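J.: Need coordinates for the following:
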Amino acid sequence: MDPCTDDEIPNYTMLEQYELKITEDSSTGALAATSIWGILRGLETFSQLLHPTSEDELQINVTSISDFPRFAHRGILIDTSRHFMPMPKLLKVIDGMAFNKLNVFHWHITDDQSFPYESKKFPELSEKGSYLPTHVYSQNDVSYIIKYSASRGIRVVVEFDTPGHTRCWGIAKPELLTPCYTSDVPNGDLGPMDPTKDLTYTFMEELLTEVVEVFPDNYLHLGGDEVGYECWMSNPNITEFMQANNITSYNKLEGYYIKKLIDISDNLKMTSIVWEEVFTNVGDIPKETLIHVWKDGWQNTSNEVTKSGFQTLISSCWYLDHLSTGGDWVKFYNCEPTNFGGTEAQQKLIVGGEACMWAEVVNEYNLESRIWPRASATAEKLWSAKEADDVNHAEKRIEEHTCRMNKRGIQAQPPNGAGFCEI
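T.: Take a look at the predicted model:
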């Protein structure tokens with residue numbers, strides 16, 4: 001294994017396979033991997049194989065394991081706009097991810113409600129757009145999160161969602177957003193980003209240039225979901241622009257914006273990730289773009305996306321904010337991301353998935369318990385071989401792992417109903 005350096009960070013192509021052998025005649029065992037990331041995964045497995053004895057000692061069974069992940073991208077999305085998540089809570093989530101061999105922290109850092117990222121270039125965005133001056137992530141905070149994650153083999157992929165989900169941007173930069181009209185008169189409301197202005201793209205280029213310097217991963221999530229067209233439809237300047245540029249639909253206007261944004265990302269040497277609406281509404285986007293599928297009917301969408309040759313992420317069946325009473329990890333476990341009817345070549349374009357923790361009704365006090373152990377089911381599906389196990393066998397294992405996470409300080413909720421954890 002090549003030696004690693006203190007500033008090395010994981011990336012999409014990181015190697016995570018490892019071999020772990022514990023034999024009867026060995027007092028040490030052996031863990032081998034081709035990268036530090038594989039060593040980290042192997043050490044996590046080793047820690048889970050240890051069991052306490054009645055003499056307060058630890059024991060481990062003889063074993064031989066050759067292990068590797070099925071998917072390269074295994075993530076959790078955390079929304080820090082709807083409710084601000086303090087740094088210690090984010091670090092606890094990252095700890096839990098490491099315990100479950102998840103490797104991508106998708107940071108949905110801004111949305112309509114607040115802008116908690118401190119930009120050096122545009123400090124007014126967080127000064128005016130955050131909930132409170134204390135509800136902001138400084139660039140030192142971001143750097144710490146990235147290093148903390150990297151030391152656990154976890155990438156940090158940031159999302160600045162546009163052209164929709166940007167109302168808080170308009171508090172500091174109203175000129176970026178589209179004025180809404182009623183009966184041909186401005187009504188004081190602001191809609192999505194104004195795609196007709198050169199200053200919109202100049203601003204986005206300056207902001208994203210800073211962002212990619214702060215966040216070193218090679219992937220950048222550009223959002224692109226849930227763009228409401230009502231404000232664009234009401235604005236006569238938008239109509240005039242569309243007529244002058246032969247843009248015949250609002251889908252194509254959205255495409256005009258998104259393509260320019262992807263061009264900016266490409267020029268910054270980044271690979272763009274976008275939500276599925278960009279594929280559905282826009283079309284004609286670069287084949288290198290990664291499509292993130294999140295809506296119901298994901299099987300049909302995944303089939304169409306992969307048939308068109310795009311790599312794909314799945315989140316549709318792993319929405320952590322959709323909560324039902326005990327045991328709902330089972331539906332997470334039963335979701336197989338390649339079960340969409342595509343060919344073998346199409347299935348290979350599924351690069352992984354993410355469990356999404358949207359924060360409309362989640363804050364620092366229930367964040368951990370909403371995520372764990374439900375996301376553990378997602379983690380196992382994304383790591384293990386297809387149909388490696390079934391729910392009946394997994395039930396006992398996830399119960400044990402929940403107790404293990406509790407002992408490690410993670411506030412994971414009981415997965416299956418009544419029971420207890422051994423001390």
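J.: Report the contact partners of the residue positioned nearest the centre of the chain.
T.: Per Cα atoms, centre = their mean, the C-alpha nearest to the average position across the chain is that of residue 106, at 2.8 Å. Residue 106 makes contacts with 75, 76, 77, 78, 157, 159, 221, 354, as judged by Cβ atoms under 8 Å, 6 or more residues apart in numbering. Heads up, the C-betas are built off the backbone N, CA and C, glycines and all.
J.: In its sheet, which strands sit next to the host helix or strand of it, and in what direction?
T.: Here residue 106 sits within strand 104-108, counting by DSSP states H and E. Strand 104-108 sits in its sheet next to strand 73-79 (parallel), strand 155-162 (parallel), going by DSSP bridges.
J.: Name the stretch among those strands that sits most buried.
T.: Ranked by mean neighbour count, the strands paired with strand 104-108 are led by strand 73-79 with a mean of 25 (mean count of other Cβ atoms under 10 Å).
J.: ok, now which ones touch the closest residue to the residue nearest to the centre of the chain other than its chain neighbours?
T.: In space, and not counting its chain neighbours, residue 106 is closest to residue 77: 4.1 Å by Cβ to Cβ, 6 or more residues apart in numbering. Neighbour list for residue 77: 106, 107, 108, 159, 315, 354, 355, 356, 357, 358 [criterion: Cβ under 8 Å, 6+ apart].
J.: closest to residue 340 among those?
T.: residue 315 (13.7 Å; Cβ to Cβ).
J.: So for the closest one, what pLDDT did the model give?
T.: Residue 315 is assigned a pLDDT of 98 by the prediction.
J.: what about it, distance to residue 257?
T.: From residue 315 over to residue 257 the distance is 23 Å, taken as Cβ to Cβ, to the nearest Å.
J.: in the host helix or strand of residue 265, what counts as buried?
T.: Using DSSP H and E, residue 265 sits within helix 250-267. Going by neighbour count (16 or more other Cβ atoms under 10 Å), the buried part of helix 250-267 is 250-258, 261-262, 264-265.
J.: and whichever helix or strand comes after it with helix 250-267, angle?
T.: Going down the chain from helix 250-267, the next helix or strand is strand 271-275, by DSSP H and E. Counting by axes from the mean of the first three to the mean of the last three Cα atoms, to 10 degrees, strand 271-275 lies at 150 degrees to helix 250-267.
J.: Direction included, what does strand 271-275 pair up with?
T.: Strand 271-275 pairs in its sheet with strand 219-223 (parallel), strand 290-293 (parallel), by DSSP bridges.
J.: and of those strands, who's closest to residue 169?
T.: Judged by Cβ to Cβ, the one of those that comes nearest to residue 169 is strand 219-223, at 12.1 Å.
J.: any idea of the mean pLDDT for the closest one?
T.: On average, the pLDDT along strand 219-223 is 98.
J.: Centre of the chain to it, how far?
T.: 10 Å (Cα atoms, centre = their mean, to the nearest Å).
J.: now do stretch 107-115
T.: That offset, for stretch 107-115, works out to 13 Å (Cα atoms, centre = their mean).
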